[in-house]
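Q: kindly return the folded structure for what I paste below:
(one chain, ligands or ions: 1)
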Amino acid sequence: MAVIPVDFQLCFIFILLWLFSLFCLSAFFFKKSKGPQFQDCCLPPSPPSLPVIGHLHLLLSVPCYKSFEKISSKYGPFIHLRAFSIPIVLVSSGSMAYEIFRTHDLNFVTRDRAAPIMEKSILFGSFGFVSAPYGDYWKFMKKLLVTKLLGSHSLERTQLLRKKELETFRAMLFDKAAKNETVDVGIEMMKLTNNSICRMIMGRRCSEENGEAEQVRGLVTESLSLARKFLIASTVGRALKKLGISLFEKEIMEVSQRYDELLEKIIKEHEENPNKKEDRDMMDVLLEVFADDNAELKISRNQIKALFVELFIGGTDTSAHTTQWIMAELINHPEILKRVREEIESVVGKTRLIQESDLSNLPYLQAVVKEGLRLHPHTPILVRNATAACKIGGYYIEQNTTMIINTYAVMRDPDSWEYPGEFQPERFMVPPSNRNELALNYIPFGSGRRGCPGANLGYIFIGVAIGTMVQCFDWTINGDKVNMEETGEMTLSMAHPLKCTPVARINPLASFESRIP
Ligand code: HEM
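A: Numbering: from 1, shown residues only. Model prediction:
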């Protein structure tokens with residue numbers, strides 16, 4: 001027994017020495033020299049680093065958007081870091097975000113430079129659309145997403161499906177009010193968004209009755225908790241894989257397998273029983289391309305599955321969390337809630353219920369949603385890769401640098417926002433021309449070619465849910481104020497999920513009778 005620790009220490013020292021020599025060799029042999037056009041510029045400023053691992057310790061602290069904000073407030077809004085020999089640039093200002101997403105968009109259009117480490121996985125694997133490099137496959141899928149699912153025409157066509165889900169949501173709230181029961185806003189919003197997206201992309205089949213929507217919800221929650229582990233694995237995992245160490249692979253593959261089984265079942269159902277031409281959903285269209293040997297672009301079954309997984313993850317949790325934050329802000333700011341309600345009553349009236357088509361006539365409600373997204377961005381960190389070396393803000397960016405854009409810090413930058421930590425929707429009632437054109441200070445949906453294609457759907461989900469909760473109910477909580485403490489690793493969540501009790505303001509039966517069809 002006594003011999004084991006000695007062996008372990010020796011092994012550890014040996015591994016460290018090996019890592020160190022690998023690092024020195026790679027720095028010596030593979031360091032690229034700057035092109036002549038960059039000779040006059042230097043790398044962005046950098047905090048002190050440790051031998052071998054560089055700034056890895058800074059990248060691993062939790063929650064990362066907070067620790068990155070701290071580093072930036074000390075060393076500036078544009079800093080250079082290194083994890084082993086991987087160059088990383090941390091961005092926390094709107095003007096630098098503008099250069100990345102607008103001026104140099106094409107250079108930063110790919111998220112991660114190397115193929116994802118879990119090639120065989122549906123989740124975070126090499127089949128995904130979100131991680132796909134900019135090329136024919138990404139362009140094809142993006143076009144399909146916009147024309148068949150998320151563009152304004154498609155959203156109009158699927159309005160009725162979402163209306164049914166909103167009715168279910170509203171009925172659930174009236175039921176809770178009648179029983180004086182508490183609502184977990186995040187969980188109920190997950191059901192609303194998940195059911196709506198399942199119906200929109202897979203038609204009637206993924207329904208509550210056969211439990212598939214419920215399974216998808218469970219998988220989405222598990223996937224989100226794996227997201228940070230995946231980021232660590234894809235950043236340092238490449239180096240460790242060379243040493244035969246696979247980070248988090250088992251956990252990720254297990255969740256991936258369950259998605260695979262569920263989606264295979266749904267795909268088979270579609271293949272055996274396709275929708276009529278006029279009712280075709282996105283799954284029908286993708287399967288048609290899959291089966292067509294002469295199609296312009298060949299797509300695989302795994303690519304279809306990975307896209308659906310990404311839509312479930314990207315489309316449900318984002319809107320659910322944001323709605324929860326906004327409702328919490330409204331409960332803590334009764335004067336703002338009152339103003340939203342007055343606006344709804346003056347535009348929608350008192351005899352019918354708010355619906356999607358009202359949103360464009362409710363600017364204050366829209367401002368409330370925008371302010372909620374600014375203060376509580378679901379995705380506080382965006383990752384992009386520099387395809388080629390370039391110059392940003394006068395600094396040299398090496399080829400293959402991983403760019404980390406801290407949207408949380410950008411949208412709370414005191415140089416761009418007055419009282420950045422305050423919930424003040426009025427700031428969005430000012431016409432956009434009054435804001436700085438050359439700075440991207442508002443990026444809850446990212447920006448550029450890789451910006452979120454679901455932003456309009458997100459605004460709809462949140463707008464109608466908040467509108468319904470304000471129009472039909474008063475809300476009570478335990479205590480005076482909602483606790484707004486944050487938690488989360490890669491995503492921003494409430495440390496104490498919002499639980500509140502609805503008190504009906506209107507007679508649901510009367511309003512249902514006078515509802516406009
Ligand atoms: C409040 C709601 C939402 C928020 C806050 C949000 C946020 C984001 C963000 C920050 C990105 C990364 C953008 C970038 O890198 O520049 C993104 C990408 C994406 N989002 Fe959303 N999103 C929301 C709703 C949705 C919905 C409803 C869908 C679809 C059903 C969706 C689908 C996607 C997809 C497919 C991408 C990847 C785009 C690409 O790689 O080209 N999102 N979203």
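
Q: in the sheet, which residues pair with Ile88? Tell me.
A: Beta-bridge partners of Ile88, counted by DSSP bridges, are Leu81, Thr402.

Q: measure it to the ligand for me?
A: From Ile88 across to the ligand, the span is 16 Å (C-beta to the nearest ligand atom, to the nearest Å). Every C-beta, even on glycine, is put in place using the N, C-alpha and C of the backbone.

Q: my read is that that residue contacts Ile79, right?
A: No - Ile88 is beyond contact range of Ile79, at 9.1 Å (criterion: C-beta atoms under 8 Å).

Q: more neighbours: the two, which one.
A: Comparing Ile88 with Ile79 by other C-beta atoms under 10 Å, the one with more neighbours is Ile79, at 24 against 20.

Q: quick one, what contacts the more buried one?
A: Going by C-beta atoms under 8 Å, 6 or more residues apart in numbering, Ile79 touches 44-47, 71-72, 89-90.

Q: buried subset of those as a ChimeraX selection?
A: Remark: buried members of the contacts of Ile79, expressed as a ChimeraX selection using 16 or more other C-beta atoms under 10 Å:
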select :44,71,72,89,90
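
Q: I'd say Tyr98 and Ala439 touch.
A: Yes - under the criterion of C-beta under 8 Å, Tyr98 lies in contact with Ala439, with a separation of 5.5 Å.

Q: now the closest residue to the ligand within the stretch 151-300 of the chain. Nearest residue, chain neighbours left out?
A: Closest to the ligand within the stretch 151-300 of the chain is Ile197: 5.5 Å, counting by C-beta to the nearest ligand atom. Using C-beta to C-beta, 6 or more residues apart in numbering and skipping the chain neighbours, the partner closest in space to Ile197 is Gly315 (4.7 Å).

Q: my read is that neighbour is in a strand, agree?
A: No - using DSSP: H, G, I helix; E, B strand; the rest coil, the secondary structure at Gly315 is helix, not a strand.

Q: how much space separates it from the ligand?
A: 3 Å.

Q: and the next helix or strand past the helix-or-strand element of the chain with minimal mean pLDDT?
A: Confidence across the helices and strands of the chain bottoms out at helix 3-30, with a mean of 44, counting by mean pLDDT, DSSP states H and E. Per DSSP states H and E, the first helix or strand lying C-terminal to helix 3-30 is helix 56-59.

Q: for the protein, what lies in contact range of the ligand?
A: Residues of the chain lying close to the ligand by C-beta under 6 Å from any ligand atom are 130, 142, 150, 197, 310-311, 314-315, 318-319, 322, 378-379, 382, 444-447, 450-454, 457-458.

Q: give me the buried subset of those.
A: Buried among the residues of the chain next to the ligand by 16+ other C-beta under 10 Å: 130, 142, 150, 197, 310-311, 314-315, 318-319, 322, 378-379, 382, 444-447, 450, 452-454, 457-458.

Q: among the residues you listed, name the ones in strands.
A: Counting by DSSP state E, the part of these found in strands is Leu382.

Q: what is the neighbour count of Ile443?
A: Using other C-beta under 10 Å: Ile443 sits among 23 other residues.

Q: tell me how many other residues surround Leu307.
A: Using other C-beta under 10 Å, Leu307 has 25 neighbouring residues.

Q: that one against Lys142, yeah?
A: No - Leu307 lies out of contact with Lys142 (C-beta under 8 Å); the separation is 10.7 Å.

Q: overlap of the contact sets of the two?
A: Residues touching both Leu307 and Lys142 by C-beta under 8 Å, 6+ apart: Phe129.

Q: ok, Gly394 - contacts?
A: Here Gly394 is in contact with Cys41 (C-beta under 8 Å, 6+ apart).

Q: pLDDT below threshold where in the stretch 201-350 of the chain?
A: Scanning the stretch 201-350 of the chain for pLDDT under 70 picks out the ranges 203-210, 228, 231-247.

Q: please read the previous query as pertaining to the stretch 401-517 of the chain.
A: Counting by pLDDT under 70, the ranges of the stretch 401-517 of the chain that qualify are 432-438, 509-517.

Q: now the residue nearest the centre of the chain: phi and psi?
A: Geometric centre of the chain, nearest residue: Thr379, 4.7 Å, by C-alpha atoms, centre = their mean. With angles defined as degrees, to the nearest 10, Thr379 sits at phi -110, psi 90.

Q: and what of the one 5 residues further on?
A: Dihedral angles phi and psi of Arg384 (degrees, to the nearest 10) take the values phi -140, psi 160.

Q: same check, this time on Asp40
A: When read as degrees, to the nearest 10, the backbone of Asp40 gives phi -80, psi 0.

Q: show me the contacts for the nearest residue to Gly128 once chain neighbours are set aside.
A: The spatially closest residue to Gly128, leaving aside those adjacent along the chain, is Ala306, at 4.5 Å (C-beta to C-beta, 6+ apart). By C-beta under 8 Å, 6+ apart, the residues touching Ala306 are 122-123, 125, 127-129.

Q: flag every buried residue along whichever strand or helix holds Ala306.
A: Element membership of Ala306 [criterion: DSSP H and E] is helix 301-332. Burial within helix 301-332, assessed by neighbour count using 16+ other C-beta under 10 Å, is assigned to 302-332.

Q: and what of stretch 146-162?
A: Neighbour counts over stretch 146-162 (16+ other C-beta under 10 Å) mark 148-150, 154-155, 158, 161-162 as buried.

Q: how about stretch 255-270?
A: Quick answer for stretch 255-270 (16+ other C-beta under 10 Å): 255-256, 259-260, 262-263, 266-267, 270.

Q: over to stretch 369-389?
A: Under the neighbour-count rule (16+ other C-beta under 10 Å), stretch 369-389 has 369-387, 389 buried.

Q: just the strands from the protein, written as ranges.
A: 78-83, 86-91, 183-184, 381-385, 390-392, 395-397, 402-406, 473-476, 486-487, 493-494, 499-504.

Q: any chance of the ones you listed in a markdown table with distance to Pro414 as columns?
A: As requested, the strands of the chain are arranged in a markdown table below (distance: least, C-beta to C-beta, whole Å):
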| stretch | distance to Pro414 |
| --- | --- |
| strand 78-83 | 17 |
| strand 86-91 | 17 |
| strand 183-184 | 34 |
| strand 381-385 | 20 |
| strand 390-392 | 22 |
| strand 395-397 | 23 |
| strand 402-406 | 14 |
| strand 473-476 | 32 |
| strand 486-487 | 18 |
| strand 493-494 | 24 |
| strand 499-504 | 31 |
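
Q: thanks a lot, catch you later.
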